[in-house]
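**Student:** Generate a structure from the sequence data that follows.
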Amino acid sequence: MKVFGTLDRQRKRSLWVLFTSGLLFWAGMASLLPTLPLYVQFVGGTEQQVGLVMGAFAIGLLASRTRLGNLADRRSRQLVLLIGVGVSAIAPLGYLFIQSIPWLIALRAFHGISIAAFTTAYSALVADSAPPDRRGELIGYMSLVTPVGVAIGPAIGGFVQAGFGYPPLFLMASVLGALSFVGSLQVWEPPRSVDRPPADKNATPPDTQIGGIRLIAESAIAGLAIATLWWVGFGASWGLAAFMMLQGGIVYSFLRQIFSSSDRLRIPSMVMLMVGTIFGTIATFMPLFIGATAIDFNPGWFYTAAAMSSFMMRLLAGKASDRFGRGLFISFGLVCYALAMSVLAMANSGTALLFSGLLEGAAAGILIPIVVALMSDRSQPEERGRLFALCIGGFDLGIAVAGPLFGAIAPAIGFRNIFAIAAAIAVVALLVFVRFNSKDLPHSLRFALGRGRDIYAISNK
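**Tutor:** Residues are numbered from 1 along each chain as shown. Down below sits the predicted model:
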């Protein structure tokens, strides 16, 4: 970790505090992953209501992501960070007192704000603190907070729930969030210049700002159409249709912002959208697939293999991308995703499932930190929060739509075909990136293969 030796004392100390706060945040959030669905059933929720409660997380996340990104740019990264960890400390207390399904849905949507705020502010703070020539290396190391926290959290949460029950579990999650809040108060935010350097010939136009009233109207119409199709096509209740209308409107508004943005942002966001869809497919259907095929394999080993692989790739890929370029590693990560889903679609043994987990972890460990580094290269400090919010929000959006979309067709086509579709999505993402990541095909190919520079990178970083 030689990059830390290049930092001044204040910056180095702040990053270590930020990393520790991140571990506490992710451990607290992840402690509820295996236990909250069981709690919803415990208070009388049906399988459909479990899905509604868990899916409501995406509503709060997507609805707040862009606003929080703007707030991080206009006011303070630390303020947005404190919002995220503050919500992570408050929301678990609500589960102690709420047993009504509609109120649990609302509480879960509120809880979603925590990840939107934390990930946007965390990424921006790390990017602001990184030396430009070693940005990928530092982002790669600091991104280790996610797989480590997510690996620790479920084990702690499952142990506390099994040994002591739900109230101590929710109190523990709240305490972890509160400790993260205390740590975040000590984070130092690097000063940011508000003056842009002179525009050069490769500068891109500013991202399109869509009129608020127009966007709200279009989102409402899109949400109503999605809810109607869901109700007619799948016989859903009016409650589920209303939920789908709200989620559909939010999804539409986010897609509209992505597709109306400038070239430097649009393609990375689209790639993250497709990667999020793949990730959501794995998270939703992989355990069900193992159960349906009767393969003698504990699903936990898949996630363990993925976590280990992701950890190793994050250690190596960031530093290497500083030397060989971001494009080569994004391309390689997408290839790994295509291979992982192909292996999963054909898996008939525990060995194949384990190999798929290693590939999936490698893909995630490469793609997510490298795309963050890419967007850091392409953004000015005063706009970094907003651009991160849209780009990382593409990943959130993919996760949000994967479950409902593929869950509707899974009974008809089977889990293997769902994973085959996910493999095809990875191939499409690779083709889109290779062809459109730059201003024309020659520049795009060279950048995607590590043979050329990123023309959208801002020289004065």
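**Student:** Walk me through the domains of the chain.
**Tutor:** 1-189, 211-254, 261-461 (automatic domain parsing).
**Student:** where do the helices sit along the stretch 101-250 of the chain?
**Tutor:** Ranges of helices in the stretch 101-250 of the chain, per DSSP state H, counting those that start in this stretch, are 101-129, 135-142, 145-164, 166-184, 212-234, 238-259.
**Student:** For my notes, please list those in CSV and give mean neighbour count, distance to residue 433 and mean pLDDT for each entry.
**Tutor:** For every residue, glycine as well, the C-beta is placed using N, CA and C. Compiled in CSV, the helices of the stretch 101-250 of the chain are given as follows (neighbours: other C-beta atoms under 10 Å; distance: least, C-beta to C-beta, whole Å; pLDDT from 0 to 100):
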stretch, mean neighbour count, distance to residue 433, mean pLDDT
helix 101-129, 24, 20, 89
helix 135-142, 26, 17, 87
helix 145-164, 18, 22, 85
helix 166-184, 20, 34, 94
helix 212-234, 15, 27, 53
helix 238-259, 20, 15, 68
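**Student:** What is the least confident helix or strand in the chain?
**Tutor:** helix 212-234 (a mean of 53; mean pLDDT, DSSP states H and E).
**Student:** Return the distance of stretch 331-346 from the chain's centre.
**Tutor:** 19 Å (C-alpha atoms, centre = their mean, to the nearest Å).
**Student:** got a markdown table for the helices of the stretch 101-250 of the chain, with distance to residue 310 too?
**Tutor:** A markdown table is the format used below for those (distance: least, C-beta to C-beta, whole Å):
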| stretch | distance to residue 310 |
| --- | --- |
| helix 101-129 | 16 |
| helix 135-142 | 11 |
| helix 145-164 | 5 |
| helix 166-184 | 21 |
| helix 212-234 | 33 |
| helix 238-259 | 25 |
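**Student:** of all the ones you listed, which lies closest to residue 413?
**Tutor:** The closest of the helices of the stretch 101-250 of the chain to residue 413 is helix 212-234. By C-beta to C-beta, the value is 14.9 Å.
**Student:** Wait, residue 139 touches residue 129, no?
**Tutor:** No: contact between residue 139 and residue 129 fails when scored by C-beta atoms under 8 Å: they sit 9.9 Å apart.
**Student:** Quick check: which ranges of the chain have low pLDDT?
**Tutor:** Within the chain, the segments meeting pLDDT under 70 span 1-5, 47-48, 51, 192-248, 300, 404, 459-461.
**Student:** how close does residue 91 sit to residue 111?
**Tutor:** Using C-beta to C-beta, to the nearest Å, one gets 4 Å for the distance from residue 91 to residue 111.
**Student:** and what of residue 99?
**Tutor:** Residue 99 is 16 Å from residue 111, where distance means C-beta to C-beta.
**Student:** Flag every buried residue along stretch 76-88.
**Tutor:** 77, 78, 79, 80, 81, 82, 83, 84, 85, 86, 87, 88 (16 or more other C-beta atoms under 10 Å).
**Student:** got the contact list for that stretch?
**Tutor:** 21, 25, 28-29, 68, 71-72, 110-111, 113-122, 124-125, 128, 173, 176-177, 180-181, 184-185, 187, 189, 385 (C-beta atoms under 8 Å, 6 or more residues apart in numbering).
**Student:** Kindly export it (C-alpha atoms) in CSV.
**Tutor:** Extracted in CSV, the C-alpha atoms of stretch 76-88 (Å, rounded to 0.1, in the frame of the first residue of the first chain):
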residue,chain,number,x,y,z
SER,A,76,-20.3,18.9,1.7
ARG,A,77,-19.2,15.3,1.2
GLN,A,78,-19.1,14.9,4.9
LEU,A,79,-22.6,16.1,5.4
VAL,A,80,-23.9,13.5,2.9
LEU,A,81,-21.8,10.8,4.6
LEU,A,82,-23.3,11.7,8.0
ILE,A,83,-26.8,11.5,6.4
GLY,A,84,-26.0,8.0,5.3
VAL,A,85,-24.6,6.7,8.5
GLY,A,86,-27.2,8.6,10.5
VAL,A,87,-30.1,6.8,8.7
SER,A,88,-28.3,3.5,9.1
